[in-house]
Every structure is written in C-alpha cells, then in structure tokens.
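> Sharing a sequence plus its predicted fold:
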Amino acid sequence: MLKLAKCMLVATALFGSAAHAQETVAWWDFLSGGDGVRMKQMIADFNKAHDGKIKIEATTLEWGTPFYSKVQTSASVGEAPDIMTYHASRIPLAVKQGILQEITADDWSKMGLAKDAYAKTTWGAVSIDDKQYAVPFDTHPIVLYYNKDILKKAGLLTEDGKPKGLDSRENFEATLKGLKAAGVKFPLGSVTADGNFMFRTIYSLMGQQDGELLTDGEFLAGDNGEKLQNALALLQGWTKDGLQSTYTDYPATVALFTSGEAAMMINGVWEVPTMVDLKKQGKLFEWGAVELPVLFDHASTYADSHTFAIPANKGKEMTAEKRAAVLEVISWLSKNSLYWASAGHIPAYGPVTESAEYKAMEPNASYSPLTAHMIFDPKTPLAGVAGPIFDVMSTYFVPTLNNEMDPAEAVKEIKVELNDL
C-alpha cells in the first residue's frame, strides 16, 4: 500500500511539473517593413507577459506565393508551425487543400472572443459553410492619402481638413482638375504598372456599383462585366486627362507622393507608418488619409484581413496544452491590438476600435468607418493574394489603365480567361 502511495505521489509530481512546463509555440508570419517591426514588438511583449509559461518562437517568411506554398507543403508532411498569419482571401483555397484546422465554438469560448465583436464582413471572410477557420486580426483596406499643404494652397481642402469632392465622381474629378490647373504634376499617384495592386481599386469601384466578380459560379455574369468596364473606363479617362500617373510601380507611387509630386495617392493603410516616420523626421508635409471617394452609387472599399490560423499538420496531433497555448496567443494579441493599429491597420476586434485610445488615433479614426461597407474577395479557391484571379486580371488592367487597350475589349478577354479557370 505504501509502495502504491509513493508511486502515486511521483506520478502527481511529474504531472504537476508537466502542467507548468513552458509551452513553446512555433509561429510563422509574412510580415516585413513597418508591419514586421510592430509584430516583433508585440511578440516580445507577449513573451514577457507570459514568461515561464508560453514562449512564441517566430519565423518570418517571404510574403505571397512563397509563404503559401511552404505552408501547403509543410502541413502535408506535419512540419507546419503551431500558428501562422494568413490572409482571409486565401482561406477558401486552404480549406479545399485541407491545411487549416477549424476554430471551434469551444476554442472561441476559451479565447474569450465572440462573433459579435467582429464586423459582419470580416467574420464572413473567415467562415466556410458556417465553420470558422481563422481569427481575424485586422482589416487592411486601401485609402486615399493626401497632401494637406498642396490642397489647401489650391483651395481644395475642406474646413475639417479633408479633400473637397469626396461625395461624387463629378466633384472629385473637379478636385483633380483643380490640382492640375494649380500646376501639380500628378493630382493622383496610382500604381498603374502593377495590375495586382490595381485590382484593389477596380474591385472597390465595382462594389460601388453593387457589382460582383463571381455569381453562382460564373465570373462577370449578367451586367457585372459592364460594371467592370465602367470602372476601367473611369480610370483610363484619368490617364488620358493627365490626372494620374502612368506606368508607375509601387515604390515609385509612394515616392511621387512623399516628394510632393503627387498631391494624392491611393494605397494601402500599411503605408501609414511610412508617413508617420517621415513626418517625425521632418521630411514630410502635413498629410491625411480618408476613405476612397464615392465615384459611382455608394461607398465601397476593397479590404483583406490578416488572420491567425492553426495549420492542420498531417500525422501530427496537437496536444491539449499546446492548443491552449496557441489560443492564449491569439486571444492576447487580439485584445492588445491597439499597438497593431499604429501599422495603419484597423484592428478586427471591436472593443479595441471602440476604445477612446483608438478613436484618438489619426488618420486611423478618419478611415475606420469604411468597415461598414468594405468588400472582400469572392469566396473561391481561385481568389486571394497572389491567386489566379489576380494574375488574369492584372494582364489586362495595366494596358487598359495606361490607355493602350479598350476597356470593353479588356473585359471581354478577362471574362473568357476567368471562366476558363
């Protein structure tokens, strides 16, 4: 009896030791630049707050196709991480590939997170057949950056410090033409040499017409081709009239704006840190960022979401302790995502964006209302960052926006190629 009691004590001691052992969480992300700096700081803060209990060991991989290809191959042989960042737009493909674990109702409960804390569109972006496969961390839409000094000098800045003409196509084009007349080299800087990026702007303009890219399994069905043509024609018209930059790649677009050669710029919120840092260094004018202007029927802006996902590692079962640690990582980062907003992103977790601290952040607070009418990629394995849809459309966007292809012809070719996919 004594011997049995001793064995039980030893077993209890071992279990207690294991229960309190530090869990190491393997993490992969694709975040570089300002994003990367901020995420590394958040990970350091998490590790400090959970010292001796949970430690994140993070690895940053190359953004885009290289990242997603590595995840797919690694998960198939049980060598993917415990947690990873993932674009919401890529989730339909990942679910089809079977490389993501479901985030169950029990998981959500343990994290202390719930559906009503997220925007409907954002929640829907991580859901397939009423099952959730990721936890939204942010939304990162495109916005309109503007040079307050140039617009003010041209008499095109409103009393509340925003560009005039954001309410209609006619009024916004009047602002662009006013800047041109004032001698501004490029009223608008646009990434017109990269169709993948321009997809964001063009899809936003389709959304402003209630257009859909994919309807019941068919691309550009009904009058959706016409709505795409409208968007392309509008942007091509700006090129013809010298209102936006032509054949401009991404770095050049940012350079045009920060140098003052372009009075405004359409770009992602992820460039906010660039502007903040330059301003702090005394190398930038007074600037702001707002939601895209309403150029058709109503406001609509393309967005994607950085999310946290748990890989489905083939042949490798995650222990209960490991999963608890992973859920704590997601929960803590979500609830402490105010700092992530300094990267320009809009935190997905509602209590953060509803806080007084967030509402005092600019320009974030100015463009955050767009979450009420943002649109995500269509739910198809063909969509998403670096996906086939981007590649097909990009081929035709560049020549069309630079006035070398007729918008109607471009739409015709795009429709054929998309449906051939």
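Noted; the coordinates are in hand.

> what pLDDT, on average, does the longest strand seen in the chain get?
The longest strand of the chain (DSSP state E) is strand 138-147. Mean pLDDT, strand 138-147: 97.

> now stretch 25-45
Mean predicted lDDT for stretch 25-45 stands at 95.

> Can you list the buried residues in that stretch?
Using 16 or more other CB atoms under 10 Å as the test for burial, stretch 25-45 gives 25-31, 34-36, 38-39, 42-43. In this view, the C-beta of every residue, glycine as well, is placed from N, C-alpha and C.

> quick one: which of the residues you listed is nearest Ile54?
Nearest to Ile54 out of these is Val25 (CB to CB; 6.2 Å).

> and that closest one, that one's in a strand?
Yes - assessed with DSSP: H, G, I helix; E, B strand; the rest coil, Val25 lies in a strand.

> ok, back up a step: out of the buried residues of stretch 25-45, which are inside helices?
Gly34, Asp35, Gly36, Arg38, Met39, Met42, Ile43 (DSSP state H).

> residues touching the nearest residue to Lys335 once chain neighbours are set aside, list them.
Of all residues not flanking Lys335 in the chain, Tyr349 sits nearest, at 6.6 Å (CB to CB, 6 or more residues apart in numbering). By CB atoms under 8 Å, 6 or more residues apart in numbering, the contact list for Tyr349 reads Leu113, Ala117, Tyr118, Pro136, Phe137, Ser334, Lys335, Ser337.

> switch the cut-off to 10 Å
113, 117-118, 122, 135-138, 331, 333-338, 340 (CB atoms under 10 Å, 6 or more residues apart in numbering).

> Flag every buried residue along stretch 133-143.
Buried, per 16+ other CB under 10 Å, within stretch 133-143: Tyr133, Ala134, Val135, Pro136, Phe137, Asp138, Thr139, His140, Pro141, Ile142, Val143.

> The second one and Leu327, how far apart?
Here the criterion is CB to CB, to the nearest Å. By it, Ala134 lies 13 Å from Leu327.

> overlap in contacts of the two?
What both Ala134 and Leu327 touch, as defined by CB under 10 Å, 6+ apart, is the set Ile103, Phe308, Ile310.

> partners of the helix or strand the second one falls within in the sheet?
Following DSSP states H and E, one finds Phe308 within strand 306-309. Looking at strand 306-309 with DSSP bridges, its paired strands and their directions are strand 83-87 (antiparallel), strand 135-136 (antiparallel).

> Present those strands as JSON lines; the columns should include distance to Leu151.
Listed next are the strands paired with strand 306-309 as JSON lines, based on distance: least, CB to CB, whole Å:
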{"stretch": "strand 83-87", "distance to Leu151": "33"}
{"stretch": "strand 135-136", "distance to Leu151": "34"}
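
> So for Ala75, which of the ones you listed sits nearest?
Of those, nearest to Ala75 by CB to CB is strand 83-87, at 9.6 Å.

> which element follows that closest one toward the C-terminus?
helix 91-97.

> Off-centre distance for the next helix or strand after that next one?
Next helix or strand after helix 91-97 toward the C-terminus (DSSP H and E): helix 105-111. In terms of CA atoms, centre = their mean, to the nearest Å, the centre of helix 105-111 is set 24 Å apart from its chain centre.

> got it, and stretch 252-262?
Worked out by CA atoms, centre = their mean, stretch 252-262 lies 22 Å from the chain centre.

> Which positions in it come out as buried?
Across stretch 252-262, burial judged by 16+ other CB under 10 Å covers Ala252, Thr253, Val254, Leu256, Phe257, Thr258, Ala262.

> Lys40 and Val352, how far apart?
20 Å.

> Isn't Tyr339 up against Met42?
Yes - with contact defined as CB atoms under 10 Å, Tyr339 reaches Met42; the gap is 6.2 Å.

> related to what we said a few turns ago, just the buried ones from the contacts of Tyr349?
The neighbour count (16+ other CB under 10 Å) marks 113, 117-118, 122, 135-138, 331, 333-338, 340 as buried among the contacts of Tyr349.

> Okay, and which of those map to helices?
Short answer: these in helices (DSSP H) are Thr122, Ser331, Leu333, Ser334, Lys335.

> and these as TSV, adding distance to Glu317?
Listed next are these as TSV, based on distance: CB to CB, whole Å:
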residue	distance to Glu317
Thr122	30
Ser331	22
Leu333	24
Ser334	25
Lys335	28
